[in-house]
Structures are given as C-alpha cells and as structure tokens.
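Trainee: have a look at this prediction, sequence included:
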Amino acid sequence: MMLETDIIVRGYGTSNQTDVPINAHPPATDSDITVQEWIKCISKHPNKGIKLDFKCIEALESTLLILQQSKSKIQVPVLLNADIAVGPGSSRSPVDAASFLQMCNKHFPSAIMSLGWTTGWKAGINTTYTWEMITDLLYEVLKLTQPVTFPVRAVYLSTSWRCFLYVLGLKSSFSVTVWSSARDDVDMMGLVKLRKFAGKGRVYFDLPKSQMEQFEKVLQTDDDSITGKEYHSDWNREDWYLDDSESVPENGVYLSTTGVLFLSRNSRHSTSQRVHSKQMFEVTETEKQPLKISGKLQFTDTNNVGESTKFYVYISCSSESVQVDSSSDVLAMSISRRGEVEWQNITSSVTATDSTLPISSTYQFTLCNIGIGLKPVLNVNPSDCEHSKSQHSDLSHSVQLAMRENFAVQCSGSTKLRVSFCKGGTTNDLLLEDFVVSS
C-alpha cells in the first residue's frame, strides 16, 4: 500500500508564492499541512510506501532536502512522481523533465521514479497515447538506472495497451501504474489485456473503488477468453545482437521483447548501430530453401514527412569465424519515410527502385525468394496513409519489386547468410515490430 500526496509550494502561482512545500493540488494555493509535517507523521507508519506527486518544479528541491533529513526514519519505498511530457487530451505544461530528473538524482537517487504525461478527458474525445508522446518521455527515461513506473490513464488504454507492452519489453525495471478519474468512462478490456500479456508483477492499479470493482469483475469473466491471438509476435530478442553487444543511449537503439526502437534525437551518427541475427542461414542450390523476411515499420514523428529517414535490411555472406561488417553485404533493401523503396544487389551493383507508394507512417514489408539461383522479391504495403501529403488515395496500393537477375554469392567455405538491419537519418524515430526471418 502507498500513501500518496500532491505537492506544490505555498501561494503557488500568486504574488504571495513562497518556497515552502505543502500538501495541495492546484488550483488550491494553500493547505493546513506542510510536507515537512506530513513526512514526520507518515514516518511513524513503516508498512506503507510513500508517493510524492509534484505539481510544480518549485516544490521539488526543498521537499527532497526534507526527505534526505528524514531518510534514516523512512524504511519504505519512495516514489517521486511528475508529469514530464504532454499526453492525450491535455494542453497543460508538464514539469520540466531535465530539472526534475537532475534534482532527484542529486538529492534522492534511491527513489523509484514515477514519470508520466499531462492528460485530460471528456466524453466524446477522440485521442490516445501516441508513439510520439511515448518516445518524448522515453528520451528522458531510458538513460535512468532507477526502476521506473509509468502512470497511464485507464480511459486511453483500450487503444494503447499494445504500445505499453512494447515499452515494458524495453527494460525489466519498467512497470505501468494504471490510474483513473472517477468520471472517466473506462473500457476495462484494455486494462485486462495489458495485465494478461504483461504479467501481474509489471502492472499496478490505482483506480476509484467502483472502477476497481468493475475491473476485477471483467477480469474474472473475460481473462480466460483472451488468447495469444490478441497479441502475438514471432520476434525473439534473444536471436539478435547489436554491433557493440549492448544497447547504449548514445546510439539510440533499444531491443524490446516485441521489436526494436530507434531513437534519433541528439544522435551523433546519421546511421544507427546495426542489429545482427545470431543465427546464420544456409542457402544452397540443391536444397532450395529460400529465406523470407517480414516486418512492420512505424515512423513515430508525423510532422517530418519530408525527412529522409530510412530503414535498411542487409543480407551478408558470413561464416562462423568471420565478423560481419559492411564488406560482407551482398543484398540491401531500404524503405524511406517518404515511401521510397529500393533493392540493391551489392555484388553486381544492380538496383531496383520505386517511389509510387503513398506516404504513410506505417509500412509492412516482406522479402521473399532469397536463395541461390532465385530472383529476390520485395513487397511493401502502406497503412495509415497521410492523404493530405500524398497524391494517392488508394489505401490498398502496394509495391512489388523483383530483382532482374538471379541471386548468387561468392563466399569462401559454405554459403551462409546473416541478416542485419539499421536506421538511417537523424530526425524521425522508428519502431520495428514483428520482424521475422524464416526459411
């Protein structure tokens, strides 16, 4: 159980503003209890954790200094909460993320971080947590070493629970705390699905009593009826590795249990690290077992349509003893944010291109027929087409590119292929989901 309080400074937003932290929620500007008095009181209850919800940055440092002074008396988990990014239905300014995290790390680094979004809701609103909102927060969060829980408003989970499964797959120290306002009209199936597929230990619930009762009722009724068909991915993080053997913030490549996240902001490199398959795939003329590669791309920043971000897949000739680098590439495929598609046979310098796809934030692709003596084929289908930025109106429009010559490689020893992929460009963030290599 957690004891939670909202914190501002006395007189917040008025001409009488002070630096004394108090227990209050805006628009209130005063309270009958200060944070110092509250912490002294709750330190007498050693079985309850503490959650401090900061509604303004001005109250943070003085509160953390009070916590420091009382640290020996507080033997329970401490959660430091703030909305540090703008979320669905809200125009309210968030707490400054850089200042909040810097002060928390300086004065109370042992705390659990609870980092979320400003939100709003009213009946009829048509919005949700978007990937652009989520990545705005992840830029701040992925560099932290502390455990992090994401406060997520329940009313938006029916359309975003899959996104938060992806987020939970990035780090085992991540969790989600589902909260709600009593007036929110919540579709409980989103909550049930998140809990079922994420697991009990990764999702916590802070709901009004009536909603909690409704959730538990739906959970008991429908949990067994939800099957893996609701959420299935053949992606296996253990089958892949990065150039530097681990994901590091400077390069912005993060492997999740459901795919890969490429973050571009502040990147020092125009091309990301490559992600390589651990397995090598043998292709011979006699066995005729061509490779098939498929996946789904999502460009998260909808405002940078003209930016030349690309996703690349490379087929490399390799062996157990050879370290993969660009010199071993034999085939390459790319899909750009603008819908430009290219095949390249690196061995013969033959290329095939197409630029007729509708501009989209999402592309599904399949690379087929990758084998000795065969002509590789690339199929790309857009979805969520951005009509205002495209002359095309046919949502079913797709591209099929076939190489004009048979695939052949010259490798020393046995013919084995390794698959790798990366992102080029420094503006758009990119998600890769359902990436599968089969033969």
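Mentor: Noted; the coordinates are in hand. Numbers count the residues shown, from 1 in each chain.
Trainee: show me what contacts the closest residue to residue 13 other than its chain neighbours?
Mentor: Leaving out its chain neighbours, the residue that sits closest to residue 13 by CB to CB, 6 or more residues apart in numbering is residue 29, at 6.5 Å. No exception for glycine: its C-beta is placed from N, CA and C like everyone else's. Contact partners of residue 29, counting by CB atoms under 8 Å, 6 or more residues apart in numbering, are 8, 10-14.
Trainee: closest to residue 54 out of these?
Mentor: residue 8 (8.2 Å; CB to CB).
Trainee: what sits opposite that closest one in the beta ladder?
Mentor: Beta bridges link residue 8 to residue 22 when assigned by DSSP bridges.
Trainee: buried set for whichever strand in the chain runs longest?
Mentor: Ranked by residue count and defined by DSSP state E, the top strand of the chain is strand 360-370. Buried residues in strand 360-370, counted by 16 or more other CB atoms under 10 Å: 360-361, 363-365, 367-370.
Trainee: contacts for that strand?
Mentor: Residues from elsewhere that reach strand 360-370, judged by CB under 8 Å, 6+ apart: 283, 290-300, 302, 313, 315, 331, 333, 335, 339, 357, 375-386, 407, 417.
Trainee: repeat that with 7 Å
Mentor: The contact list for strand 360-370 (CB atoms under 7 Å, 6 or more residues apart in numbering) reads 290-299, 302, 313, 315, 333, 335, 339, 375-386, 407.
Trainee: output the below-cut-off pLDDT ranges for the stretch 101-250 of the chain.
Mentor: 222-232, 244-250 (pLDDT under 70).
Trainee: just the buried ones from the contacts of residue 29, in PyMOL syntax?
Mentor: Entered in PyMOL, the line below selects the buried ones among the contacts of residue 29, by 16+ other CB under 10 Å:
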select buried, resi 8+10+12
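Trainee: test my guess that residue 313 contacts residue 423.
Mentor: No. Look at residue 313 against residue 423 with CB atoms under 7 Å: they stay out of range, at 11.0 Å.
Trainee: who has more neighbours, the two?
Mentor: Ranked by neighbour count (other CB atoms under 10 Å), residue 313 and residue 423 place residue 423 first, with 29 against 21.
Trainee: the more buried one belongs to a strand?
Mentor: Yes. Remark: residue 423 belongs to a strand, assigned using DSSP: H, G, I helix; E, B strand; the rest coil.
Trainee: any idea how far it lies from residue 205?
Mentor: Separation of residue 423 from residue 205 (CB to CB, to the nearest Å): 36 Å.
Trainee: swap in residue 65?
Mentor: Look at residue 65 and residue 205: by CB to CB, they are 32 Å apart.
Trainee: could you do residue 403 as well?
Mentor: Taking CB to CB, one finds residue 403 at 53 Å from residue 205.
Trainee: and the two? Which one has more around it.
Mentor: Between residue 403 and residue 205, counting by other CB under 10 Å, residue 403 is the more crowded of the two (21 against 16).
Trainee: ok, now which ones touch residue 202?
Mentor: By CB under 7 Å, 6+ apart, the contact list for residue 202 reads 168, 175-176.
Trainee: I'd like to know which of the contacts of strand 360-370 are buried.
Mentor: Neighbour-count burial (16+ other CB under 10 Å) applied to those gives 290-291, 293-299, 313, 315, 333, 335, 339, 376-382, 385, 407.
Trainee: in helices only, show me the contacts of residue 202.
Mentor: Using DSSP state H, residue 168 are the members of the contacts of residue 202 that sit in helices.
Trainee: of the contacts of residue 202, which is the most crowded?
Mentor: When neighbours are taken as other CB under 10 Å, the top entry among the contacts of residue 202 is residue 176 (24 neighbours).
Trainee: quick one: that residue and residue 163 touch, right?
Mentor: No. Residue 176 is beyond contact range of residue 163, at 10.5 Å (criterion: CB under 7 Å).
Trainee: ok, residue 255 to residue 44 distance?
Mentor: Relative to residue 44, residue 255 is positioned 45 Å away (CB to CB).
Trainee: show me which of these two is the more surrounded one.
Mentor: residue 255 (20 against 7).
Trainee: could you pull up the residues touching the closest residue to residue 170 other than its chain neighbours?
Mentor: Among residues not flanking residue 170 along the chain, residue 256 sits closest, at 4.8 Å (CB to CB, 6+ apart). Counting by CB under 7 Å, 6+ apart, residue 256 touches 166, 169-170, 237.
Trainee: also residue 150?
Mentor: Neighbouring residues of residue 150 by CB under 7 Å, 6+ apart: 115-116, 167, 176-177.
Trainee: could you do residue 332 as well?
Mentor: If you count contacts by CB under 7 Å, 6+ apart, residue 332 has them with 312, 314, 344, 346.
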